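Asker: Predicted model and sequence below, questions to follow.
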Amino acid sequence: MPRYSGRPPAVTRRRFLAALPGGLAAASLLAACGGTAQGTAGTGTAASATAAVSTASTASATAPATTVAATTAATTASVAASTSASASAPSTASTATSTVQASASSAVGKAGGLTVTYMSDLPDTHPEGKARLGLLAEYTKTNTDGVTVDVSGAKNATSLDKAFALAAAGTPPDLIYVAYYDAAALLAKGAVIDLDAQLRPEKGWTAQKADIFPDMLSSSTWTGKLAGMPCYTNNTATVYSPQLLSQIGVPTPKPDWNWQDFQDLAQKGNKPPDRWGYDWNWVLWSDWLGSAGGFPISTDAQKITMTTPEAQDTLTYLANLLKIGVTPPKSMGELFNTTKATGVVFETQGPYRLPTLRQNKITDIAVVPTPIKKNVFASNGGHNVSVFQGIPADHKQAAARITMWLNAPHAQAQMCIQATSLPVSNAAFQSTELQDYLKTDPQLKGFIDLAPHGWRWPALPSYAKISGALNSAVSDILTGKVSVQDGLTQGQQAAQVLLDQDLKLQ
């Protein structure tokens, strides 16, 4: 299996400033999922169109990060190659896994006898929050330094505001999990350390850092400093019920389906209000934009780019879906769950929703990429773990080593398996532990196979506000309050003001 670069094959690489709130996209639910897996809309947070957009943006943590210049034929081949590649991990992958894992293990171990405190942005009832606690319990049991992780402060979720308050009061925990973009906000205020600088003396860190997917590393960095350790991510794709499609006579979508294919199939199965052709949370507009070859921010992260031809085409297409009545007249995104997969033909979702669906005994699920206009695209989100400033030096070093362990292949594989997430490094992506499990879980595999086509927003302290401004503009367009051109122009202007404020902090 070739090394996963974190970018699609045959693409133009986009570099972003190093640093940005939890996935689905800035403008994405995932970013929000950089936020949440079980809420109203992904991992972050989502009654009116605008409210739904805002909530979802905080619920999951998603975002883009590369330009894809592949033809439909090329993307089809790359999807097939990705699927086949992830079916089994070659010996080179096992070697890479063991090398990185060994480095992480040897790095953990010079600050014995300490108790490190931990807090989380997700409660222990959340699949991701629960999986994190399990891994930290494993670390406490197996590390050779005598370090204990006190997780008593992680039963309930700790908000970003509370994290700032604890830092200001001089009483922060040692470790905290936050939406990946919130780590940049903490670093910009001097609340957390540069993990790269802290870990630089550690044996194996240089190799382990180099193994992290480029976009996952760059989007975890702000002004050249590693604000949080990427340990897992998520993405989005299209889900459907094969049984429902068979019952209503709708053909199964192909992995290389395009926008017209999607519209034709959605219309064929559309029978509102009992069954909609397509359901989605409006914060996921960036998935469609990425499919068209566009991005909401420039490659150097200096300019918001929402008045491009790609953005015009995307919002015109999405607005038309509402006009022809294929999708509900307001932002939703949860009909697949609430109707037991009978009230919608296609829905945009992420792997973070699989635990909820399975808990509700909805298991007839298949996964395909977002319909393609120019290239395969899947926006990423996720959460990172950070280490606070203002704690004793030995705690700081012990906590940093824990983040290194959490980024190693075994911990990543377990986060993917236990919390239906995606890996953030080559060694974890190719690990036998993960690949063997995926043979038993084709639904999660459907999302993980799209990992090479991922993108997420760069880390920006004001990401939540920037994505909120863009989501509001998109909502105004989709509800017919403004024209596509006027809405995109207004959204770009509002978001640029916020981005300029971040740029002044550099």
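Answerer: On my side now, so go ahead.
Asker: And the helix ranked longest in the chain, how far out from the chain middle?
Answerer: Looking across the chain with DSSP state H, the single longest helix is helix 484-503. When distances are taken as CA atoms, centre = their mean, to the nearest Å, helix 484-503 is centred 23 Å away from the chain's centroid.
Asker: what do you get for stretch 212-225?
Answerer: With CA atoms, centre = their mean, you get 14 Å for stretch 212-225.
Asker: how about that stretch: buried residues?
Answerer: By 16 or more other CB atoms under 10 Å, the buried positions in stretch 212-225 come out as 212-222, 225. From N, CA and C alone the C-beta is placed, and that goes for glycine too.
Asker: Show me what the longest helix of the chain is packed against.
Answerer: Applying 3 or more CB pairs under 8 Å, 6 or more residues apart in numbering; DSSP states H and E, one finds that helix 484-503 contacts helix 309-323, helix 463-478.
Asker: closest one to Asp145 among those helices?
Answerer: helix 463-478 (34.9 Å; CB to CB).
Asker: That closest one vs helix 309-323, what angle?
Answerer: Counting by axes from the mean of the first three to the mean of the last three CA atoms, to 10 degrees, helix 463-478 lies at 50 degrees to helix 309-323.
Asker: Please name every helix or strand in contact with helix 463-478.
Answerer: Using 3+ CB pairs under 8 Å, 6+ apart, helix 463-478 is in contact with helix 49-59, helix 180-188, helix 309-323, helix 484-503.
Asker: Kindly recompute the last result at 10 Å.
Answerer: strand 24-25, helix 29-33, helix 49-59, helix 180-188, helix 285-291, helix 309-323, helix 484-503 (3 or more CB pairs under 10 Å, 6 or more residues apart in numbering; DSSP states H and E).
Asker: Give me the distance from that helix to the chain's centre.
Answerer: The answer for helix 463-478 is 18 Å, by CA atoms, centre = their mean.
Asker: before we move on, what about stretch 466-485?
Answerer: On CA atoms, centre = their mean, the centre of stretch 466-485 falls 22 Å from the chain's centre.
Asker: now it: mean pLDDT?
Answerer: Mean pLDDT, stretch 466-485: 98.
Asker: Gln412: what's it in contact with?
Answerer: By CB atoms under 10 Å, 6 or more residues apart in numbering, the contact list for Gln412 reads 97, 100-101, 135, 230-233, 406, 421-425, 427-429, 431, 433-434.
Asker: Which residue comes closest to it once chain neighbours are left out?
Answerer: Spatially, and ignoring its direct neighbours in sequence, Gln412 is nearest to Ala428 (3.6 Å; CB to CB, 6 or more residues apart in numbering).
Asker: Return the subset of the contacts of Gln412 lying in strands.
Answerer: Those of the contacts of Gln412 mapping onto strands are 230-232, per DSSP state E.
Asker: The residue nearest the centre of the chain and Ala197: what is the separation?
Answerer: The centroid of the chain falls nearest to Gly381 when counting by CA atoms, centre = their mean (1.7 Å). Counting by CB to CB, to the nearest Å, the gap from Gly381 to Ala197 is 26 Å.
Asker: Okay, buried residues for stretch 424-438 please.
Answerer: In stretch 424-438, counting by 16+ other CB under 10 Å, buried: 424-435, 437-438.
Asker: how far does it stretch from start to finish?
Answerer: From its first residue to its last, stretch 424-438 covers 16 Å (CA to CA, to the nearest Å).
Asker: May I have the strands that pair with the helix or strand where Thr238 lies, each with its orientation?
Answerer: Using DSSP states H and E, Thr238 falls within strand 237-240. Strands that pair with strand 237-240, judged by DSSP bridges, come out as strand 344-349 (antiparallel), strand 366-368 (antiparallel).
Asker: In contact with Phe377, which residues are there?
Answerer: Taking CB under 10 Å, 6+ apart as the criterion, Phe377 is in contact with 8, 64, 66, 68, 75, 235-237, 286-295, 369-371, 450, 453-455.
Asker: how about 6 Å then?
Answerer: By CB atoms under 6 Å, 6 or more residues apart in numbering, the residues touching Phe377 are 290-291, 453.
Asker: Strands of the stretch 301-450 of the chain, residue ranges please.
Answerer: 344-349, 366-368, 378-379, 383-387 (DSSP state E, counting those that start in this stretch).
Asker: Run the chain-centre distance for the third one.
Answerer: So the one you mean is strand 378-379. A distance of 8 Å separates the centroid of the chain from that of strand 378-379, by CA atoms, centre = their mean.
Asker: Please apply the same query to stretch 179-195.
Answerer: That offset, for stretch 179-195, works out to 18 Å (CA atoms, centre = their mean).
Asker: Count the residues that sit near Gln490.
Answerer: 17 (other CB atoms under 10 Å).
Asker: What's the per-residue pLDDT of it here?
Answerer: Value for Gln490, per-residue pLDDT: 98.
Asker: thought the residue nearest to the centre of the chain was touching Tyr232?
Answerer: No. Taking contacts as CB atoms under 6 Å, Gly381 lies outside contact range of Tyr232: 10.3 Å.
Asker: Would you tell me which of the strands of the stretch 301-450 of the chain gets closest to Val497?
Answerer: Of all the strands of the stretch 301-450 of the chain, strand 378-379 sits nearest to Val497, with 23.6 Å by CB to CB.
Asker: could you give the mean pLDDT of that closest one?
Answerer: 94.
Asker: May I have the strands that pair with it, each with its orientation?
Answerer: strand 454-455 (parallel).
Asker: so how far is the strand it pairs with off the chain centroid?
Answerer: 8 Å.
Asker: pLDDT on that strand, on average?
Answerer: For strand 454-455, mean pLDDT rounds to 91.
Asker: all numbers from here: first residue = 242
Answerer: Understood, numbering begins at 242; the last thing we discussed is strand 695-696.
Asker: Just give me the neighbour total for the closest residue to Met656 other than its chain neighbours.
Answerer: Nearest residue to Met656 in three dimensions, chain neighbours excluded: Tyr473, at 4.2 Å (CB to CB, 6+ apart). For Tyr473, the count of nearby residues is 27 (other CB under 10 Å).
Asker: Quick one: find the helix or strand in this structure with the lowest mean pLDDT.
Answerer: strand 308-309 (a mean of 29; mean pLDDT, DSSP states H and E).
Asker: From the centre of this protein, give me the residue that's furthest out.
Answerer: Most remote from the centre of the chain, using CA atoms, centre = their mean: Gly354, at 35.2 Å.
Asker: Return the set of residues that bridge with Tyr418.
Answerer: According to DSSP bridges, beta-bridge pairing links Tyr418 with Ser361, Val626.
Asker: Pro570 - how many residues pack around it?
Answerer: Quick note: Pro570 (other CB under 10 Å) scores 12 neighbours.
Asker: coming back round to it: deepest-packed of the strands paired with strand 478-481, please.
Answerer: strand 585-590 (a mean of 27; mean count of other CB atoms under 10 Å).
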